[in-house]
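**Q** quick check, what structure comes out for this input:
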Amino acid sequence: EGGSMANKVGSLIKKARTDAGLTQEQLAKKVSGVTASDISKAERGEKELSQAALKEIAKATGVTQSSLLTAAKSSTYSTAKAGGKTTAKTTAAKSSMQLTAAEKRLVELYRKADSDAKKAALKALKGEQEGLEDVLGSLLGNAVELFTKK
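**A** Prediction:
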């Protein structure tokens with residue numbers, strides 16, 4: 001039995017194929033190294049197709065590649081194969097960096113600032129520039145009190 005996720009990819013392939021008005025044979029002809037039998041098995045969730053084959057199916061049926069590839073990635077078997085667990089962990093680690101309200105405000109202002117203000121702000125934050133309050137003041141306005149009050 002293919003897992004329900006495998007069937008998800010299969011049902012997407014089948015829907016894409018039928019929406020495009022193609023038979024399994026016609027679709028197989030458009031995808032290199034894939035037979036009608038492979039398409040049939042893939043649609044039933046009994047066979048996993050390669051990323052390359054999924055991309056060709058997407059192209060042949062006019063669906064976005066990402067819809068098929070995302071479904072394939074989220075399926076149980078390709079995650080295990082690609083060692084996707086580690087990537088999931090590292091992404092989680094990256095997003096777990098919590099910003100304080102003041103830090104978020106700094107990022108927002110930094111993104112809006114022109115390059116001179118950005119350079120000055122970075123210098124000031126590294127302590128390379130006199131007049132930290134002035135620089136941050138011009139960048140942040142009254143939010144500067146958050147940083148300078150001890």
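**Q** longest helix in this structure, by number of residues?
**A** Counting residues, the longest helix found in the chain (DSSP state H) is helix 4-19.
**Q** residues touching that helix, excluding its own?
**A** For helix 4-19, the surrounding residues in contact (CB atoms under 8 Å, 6 or more residues apart in numbering) are 2, 23-24, 27, 39, 42-46, 48-49, 54, 57-58, 61-63, 67-68, 71-72, 74-77. Placement of C-beta: from N, CA and C, glycine included.
**Q** buried residues in the following helix or strand past it?
**A** Using DSSP states H and E, the next helix or strand after helix 4-19 towards the C-terminus is helix 24-30. By neighbour count, with 16 or more other CB atoms under 10 Å as the criterion, the buried positions of helix 24-30 are Q24, L27, A28.
**Q** ok, now stretch 34-46?
**A** Neighbour-count burial for stretch 34-46 flags V34, D38, I39, S40, K41, A42, E43, G45 (criterion: 16+ other CB under 10 Å).
**Q** can you check stretch 55-70 too?
**A** Judged by neighbour count using 16+ other CB under 10 Å, the buried positions of stretch 55-70 are E56, I57, A58, A60, T61, V63, L68, L69.
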